[in-house]
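Generate coordinates for the sequence data below:
(one chain, ligands or ions: 1)
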Amino acid sequence: MSTFLWQNIIFGPIHSRRLGSSLGINLLPVSGKVCNFDCIYCECGWNRDGRTTEALPTFEEISTEMKTKFDRLVSEGTRIDTITFSGNGEPTLHPDFPSIIDLTLELRDRFFPQALISVLSNATTAHKKEIRDALLKIDNPIMKLDGGSDRLVRLLNRPQVSYSKEKILSALKAFNGNFILQTMFLRGENDGSVIDSTEFGNVESWMECVRELHPRQVMIYTIDRDTPAKSLKKIPVIEMETIAGRLRNEGFSVQVCG
Ligand code: SF4
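Predicted coordinates for the structure are as follows:
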């Protein structure tokens, strides 16, 4: 399977390893990718291959799509565990993200009152008050931190904007632990650099960040689909469980997805 783009504003529900029956919301263009990271494992492919001139969907288009699709799913009796913002890039880059979250809360309560709302974010906009306030209204702000050093983040996530671990930690500390930290573990090679996020120093520096942030849950996962960098390898569950076990011994709630 090759990397792919979601073809609609709303997709699924799909079965998610981490979120159950997940109805996806894509606030980015359907013909390309918009992200300020360019992760070597991104299921949407490299940014350079996803460039598009298509505009982001408007608030009105998103609202109409949501109402139509939610109404249909309810009439079909489809179960939805989570309404999940992910899609073709970083959802918080949409300029109307806070209003879209308010709309989603209202529609969730009307159509799927039992469903949770999740946002998968790379955390680069979490320092903005309006984004943080919106994320704190939902059930699951799932924030990415793939490494405890700027070097590892540069290798894995290839930020396209200025990035510093200190800035991300400071933004996430303002959540007072009310978020889920998600971390990708993998090993492989890209652009001549050998990468192993399970290497001792990488795990130690990442765990220091987890202790500093104290998220209400940590999600550790590994690659599942095709990736733009071709030599990447999954981390066996047993290795991720060893890392998780150390955090659990310190009182953290940790979910491992192989
Ligand atoms: S942050 Fe997410 S959408 Fe952006 S490049 Fe990384 S995996 Fe892809």
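
how many other residues sit next to the residue of the stretch 51-200 of the chain found nearest the ligand?
Distances between the stretch 51-200 of the chain and the ligand by CB to the nearest ligand atom are smallest at residue 122, namely 3.8 Å. Bear in mind the C-beta positions are built from the backbone N, C-alpha and C, glycine included. Other residues lying near residue 122 total 25 when counted by other CB atoms under 10 Å.

what does the stretch 1-150 of the chain put close to the ligand?
Counting by CB under 6 Å from any ligand atom, the stretch 1-150 of the chain comes close to the ligand at 35, 37-39, 42, 44, 89-90, 122.

and what of the stretch 151-258 of the chain?
residue 157.

repeat that with 8 Å
157-158 (CB under 8 Å from any ligand atom).

mind listing the strands for this protein?
Listed in chain order, the strands of the chain (DSSP state E) span 10-16, 20-25, 82-85, 116-121, 140-144, 180-184, 187-190, 193-196, 217-221, 254-257.

and the last one, what other elements does it pack with?
The reference is to strand 254-257. strand 217-221, helix 237-249 (3 or more CB pairs under 8 Å, 6 or more residues apart in numbering; DSSP states H and E).

Reformat these as JSON lines; add mean neighbour count and mean pLDDT.
Listed next are the helices and strands packed on strand 254-257 as JSON lines, based on neighbours: other CB atoms under 10 Å; pLDDT from 0 to 100:
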{"stretch": "strand 217-221", "mean neighbour count": "21", "mean pLDDT": "97"}
{"stretch": "helix 237-249", "mean neighbour count": "15", "mean pLDDT": "98"}
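
could these be laid out in CSV, adding distance to residue 171?
Formatted as CSV, those follow (distance: least, CB to CB, whole Å):
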stretch, distance to residue 171
strand 217-221, 17
helix 237-249, 21
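
Which residues does the longest helix seen in the chain contact?
If you go by DSSP state H, the chain has its longest helix at helix 59-76. Residues from elsewhere that reach helix 59-76 (CB atoms under 8 Å, 6 or more residues apart in numbering): 8-10, 13, 23, 25, 27, 57, 80, 96, 99-100, 103-104, 107, 110-112.

most tightly surrounded among the strands of the chain?
Per residue and on average, the most neighbours among the strands of the chain fall to strand 82-85, with a mean of 26 (mean count of other CB atoms under 10 Å).
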